[in-house]
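*Asks:* Okay, sequence plus prediction incoming.
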Amino acid sequence: MLAAVAVVLASMVGGAWCAMGDKPGPNITATYGDKWLDAKATFYGSDPRGAAPDDHGGACGYKDVDKAPFDGMTGCGNEPIFKDGLGCGSCYEIKCKEPAECSGEPVLIKITDKNYEHIAAYHFDLSGKAFGAMAKKGEEDKLRKAGELMLQFRRVKCEYPSDTKITFHVEKGSSPNYLALLVKYAAGDGNIVGVDIKPKGSDVFLPMKLSWGAIWRMDPPKPLKGPFTIRLTSESGGHVEQEDVIPEDWKPDTVYKSKIQF
């Protein structure tokens, strides 16, 4: 009898957690529609008006997200938004209707970090700046006092200024025997699902593996020699490539700006 009661109680608890939206929703893909979905929103960081986190980094590997072109309008997404790093760089419109300080007008954010909490099927942990941007003019600080609220969101195409091209950062520790690249500022889908590299003297592209966040890596069977041609694949299947975008005399912890964009 006690065992039966325990089973019933366990099932009730499990159902209650599902009803609260603790289970992550289906992955958000690169299908851009007009339908708005519901989510919960919080904000984080020591500066309620800033970009957060303090080191401007995060689970995508990006830095300086307080500066253009991210401009602090950023957020952490839970599993179906972050997608083990494959959601890094994707763009969303978000808006809120309640409390009264909400403007109801959509604002644009980019995913730059992972949200590890499980309070809803979809949960955005926003920078303080992005959270406040959903408020009526002059009501930003009042809205932030809500701490947690319901919002509506939809995925949209990413747009950057015409002079912003895809950028590659050769990560610290890279060498001819190990190469890691951070890819950022991709327009369109915003996120990258495939990176292929063609070393000097080769006619064949070699696939890189997703290391973590927006960082892709390769452990080649023999030392790599630059320059490198890079080919990128976006989530919806688009491709761009640039020949010799990483020069022959490349160095680790160095940024290389491309001439390409989706």
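*Replies:* Yep, it's here. In this text the structure is predicted, and so the values were computed from the model without any measurement.

*Asks:* Can you report how many residues lie near Glu117?
*Replies:* 13 (other C-beta atoms under 10 Å). C-beta here means a position set from N, CA and C on the backbone, and glycine is covered the same way.

*Asks:* Asp125 is in contact with that one, correct?
*Replies:* Yes: with contacts counted by C-beta atoms under 8 Å, Glu117 reaches Asp125, the gap being 6.9 Å.

*Asks:* can you list residues touching both of these two?
*Replies:* Thr42 (C-beta atoms under 8 Å, 6 or more residues apart in numbering).

*Asks:* Quickly find the element holding Phe82.
*Replies:* helix 79-82 (DSSP states H and E).

*Asks:* Check which residues of that helix are buried.
*Replies:* Neighbour counts over helix 79-82 (16 or more other C-beta atoms under 10 Å) mark Glu79, Pro80, Ile81, Phe82 as buried.

*Asks:* Next one: the most centrally placed residue in the chain from Arg155, what distance?
*Replies:* Centroid check for the chain by C-alpha atoms, centre = their mean gives Cys88 as the closest residue, at 2.4 Å. Applying C-beta to C-beta, to the nearest Å, the value for Cys88 to Arg155 is 13 Å.

*Asks:* same check, this time on Leu126
*Replies:* Taking C-beta to C-beta, one finds Leu126 at 16 Å from Arg155.

*Asks:* Of the two, which one has the most company?
*Replies:* Leu126 (27 against 21).

*Asks:* Which residues does the nearest residue to Phe262 once chain neighbours are set aside form beta bridges with?
*Replies:* Leaving aside its sequence neighbours, Phe262 sits nearest to Gly188 (C-beta to C-beta, 6 or more residues apart in numbering; 3.6 Å). Taking DSSP bridges as the rule, Gly188 bridges to Cys158.

*Asks:* Number of residues surrounding Gly188?
*Replies:* Gly188 has 19 nearby residues by other C-beta under 10 Å.

*Asks:* per-residue pLDDT, it?
*Replies:* At Gly188, the model reports a pLDDT of 98.

*Asks:* isn't it right next to Gly238, touching?
*Replies:* Yes: counting by C-beta under 8 Å, Gly188 does reach Gly238; the two are 6.3 Å apart.
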